[in-house]
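Asks: Build me a model from this:
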Amino acid sequence: MNRFVATVLAAALACAPAIAAAEGFAAKVKTSDLNLQTEDGAKKALERVHRAALNACSDVTVGSRIAQADQSCVNQVSAELIKRMNAPMVQAAFDAAKSTGQS
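Replies: Numbering: from 1, shown residues only. Presented below is the predicted three-dimensional model:
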């Protein structure tokens, strides 16, 4: 992701805690129905973040029905969404997933 897109991403994240922008697309994660201070809530939030980042960073190639996700974009959008959530349990789950290569 180039510096311009990263700047746009940072500017968009300043507007809302659970929204990120990736190359003209927005990613939004609903967390109001989750308790982010529990392991289960953090895990569900992390799943939603990953799904939103995949959707924001995927592109369907002409002639194909399979979306191709830019993994660098997914990682960056996920990290920014989680950072903006300001939820220590979600951050810890994300860090653990990164260290095991699951993110």
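Asks: Can you pull out the low-pLDDT segments for this protein?
Replies: Applying pLDDT under 70 to the chain flags the ranges 1-26, 60-68, 102-103.
Asks: What are the boundaries of the strands in it?
Replies: With strands called from DSSP state E, the chain shows them at 19-22, 25-28, 58-60, 67-69.
Asks: Tell me how far His50 lies from Ala27.
Replies: Remark: distance between His50 and Ala27 (Cβ to Cβ, to the nearest Å) = 10 Å. No exception for glycine: its C-beta is placed from N, CA and C like everyone else's.
Asks: between the two, which one's more packed in?
Replies: Comparing His50 with Ala27 by other Cβ atoms under 10 Å, the one with more neighbours is Ala27, at 26 against 21.
Asks: The more buried one is in contact with Leu54, isn't it?
Replies: No. The criterion here is Cβ atoms under 8 Å, and Ala27 misses it with Leu54 at 9.1 Å.
Asks: number of nearby residues for the closest residue in space to Cys73 that isn't next to it in sequence?
Replies: Spatial nearest neighbour of Cys73, chain neighbours left out: Cys57 (3.6 Å); criterion: Cβ to Cβ, 6 or more residues apart in numbering. For Cys57, the count of nearby residues is 25 (other Cβ under 10 Å).
Asks: May I ask you to confirm that Cys57 is in contact with Glu80?
Replies: No. The pair Cys57 and Glu80 does not pass the contact test of Cβ under 8 Å, sitting 11.8 Å apart.
Asks: Check which helices and strands the longest helix anywhere in the chain is in contact with.
Replies: When the chain is parsed with DSSP state H, its longest helix is helix 39-56. Under the contact definition 3 or more Cβ pairs under 8 Å, 6 or more residues apart in numbering; DSSP states H and E, helix 39-56 sits against strand 19-22, strand 25-28, helix 71-85, helix 88-100.
Asks: Gly41 contacts Ser32, correct?
Replies: No. Look at Gly41 against Ser32 with Cβ under 8 Å: they stay out of range, at 11.2 Å.
Asks: which of those two has more neighbours?
Replies: Gly41 (18 against 5).
Asks: Could you report the separation of that one from Met89?
Replies: From Gly41 over to Met89 (counting by Cβ to Cβ), the distance is 7 Å.
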